[in-house]
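In: okay, here's the prediction I keep looking at, along with the sequence it came from:
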Amino acid sequence: MCINISAKYVKELRNQTGAGMMSCKKALQASQGDMKLAIENLRKQGLASANKKSSRIATEGLIESYIHAGSRIGVLLELNCETDFVSRHSEFHLLAKNLAMQIVACPDVQYISIADIPQNIIDEEMRIELSKEDLKNKPDKIKEAIVNGRIEKRLKELSLLDQAFIRDTDLSISSLIDQKIALLGENIKIRRFQKFILGEGILKKKVDFSKDVLEVLHS
């Protein structure tokens, strides 16, 4: 049975190890809140040093492409690492392919992280939420709390790093990359991506490709 771990305790473990937030939370739950055991487990997994590598310059890597069955949607993705050696590694190539498929499967994803979302987009989402009918008669404090919660949820929908990995929904994309940093021993960064949808910009029926991608994964 998983115990409830406070965000403050998770942050403390992250500060001590440099591991990702989700990895820290899972380590604390597995150790029943024992900080020393959680640190030991993270070190065994190689995750304790992943965040420390995240500041290192990554200029090598590859450009991955994925065109979904039917050729109606495709993605180009640039994934960076530190050396040409890692850029040729099969795990790095698999990560790039999985990330490209992830982008196709997540129709709302437009940015790499929440930090990349322009302020004008955030302001527009805030304006939309504040104008919704179900908030009109609520007290200001309650309205503020509801809107902030909805905005946080919406920004995560737009951010690739905050998505649940389609092959393992208990794992976020951010944590997946942390795992590969630990495995390959180098910083790994998603530099950019571009999604191409057939007929985009023309008024037509919107198609959700997430179900199709999942069928490809399980076929």
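Out: Alright, I've got the coordinates. Residues are numbered from 1 along each chain as shown.
In: switch to C-alpha atoms for all contacts and neighbour counts from now on
Out: Noted.
In: break the protein down into its structural domains.
Out: Following automatic domain parsing, the chain resolves into domains at 7-53, 60-113+159-217, 118-157.
In: possible to save those as CSV with mean pLDDT?
Out: Output for the domains of the chain, formatted as CSV (pLDDT from 0 to 100):
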stretch, mean pLDDT
domain 7-53, 76
domain 60-113+159-217, 90
domain 118-157, 88
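In: in JSON lines: those domains, plus mean neighbour count.
Out: Shown next, in JSON lines, are the domains of the chain (neighbours: other CA atoms under 10 Å):
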{"stretch": "domain 7-53", "mean neighbour count": "19"}
{"stretch": "domain 60-113+159-217", "mean neighbour count": "17"}
{"stretch": "domain 118-157", "mean neighbour count": "13"}
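In: residues touching stretch 189-209, excluding its own?
Out: For stretch 189-209, the external contacting residues (CA atoms under 8 Å, 6 or more residues apart in numbering) are 58, 72-81, 103-107, 112.
In: that stretch: end-to-end distance?
Out: One end of stretch 189-209 to the other measures 25 Å (CA to CA, to the nearest Å).
In: switch to numbering from 52
Out: Yep, numbering from 52; the last one is stretch 240-260 now.
In: how about Thr110, what does it touch?
Out: When contacts are counted by CA under 8 Å, 6+ apart, Thr110 touches 131-134.
In: okay, and which of those map to strands?
Out: 131-132 (DSSP state E).
In: Glu195: which of the contacts of Thr110 is nearest?
Out: Asn131 (39.2 Å; CA to CA).
In: what sits against the spatially closest residue to the closest one that is not a sequence neighbour?
Out: Closest residue in space to Asn131, ignoring its immediate chain neighbours: Gly112 at 4.2 Å, by CA to CA, 6 or more residues apart in numbering. Residues near Gly112 by CA under 8 Å, 6+ apart: 129-135, 137-138.
In: now render those residues as a markdown table, adding distance to Leu211.
Out: Listed next are the contacts of Gly112 as a markdown table, based on distance: CA to CA, whole Å:
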| residue | distance to Leu211 |
| --- | --- |
| Glu129 | 14 |
| Leu130 | 13 |
| Asn131 | 16 |
| Cys132 | 18 |
| Glu133 | 21 |
| Thr134 | 24 |
| Asp135 | 25 |
| Val137 | 23 |
| Ser138 | 21 |
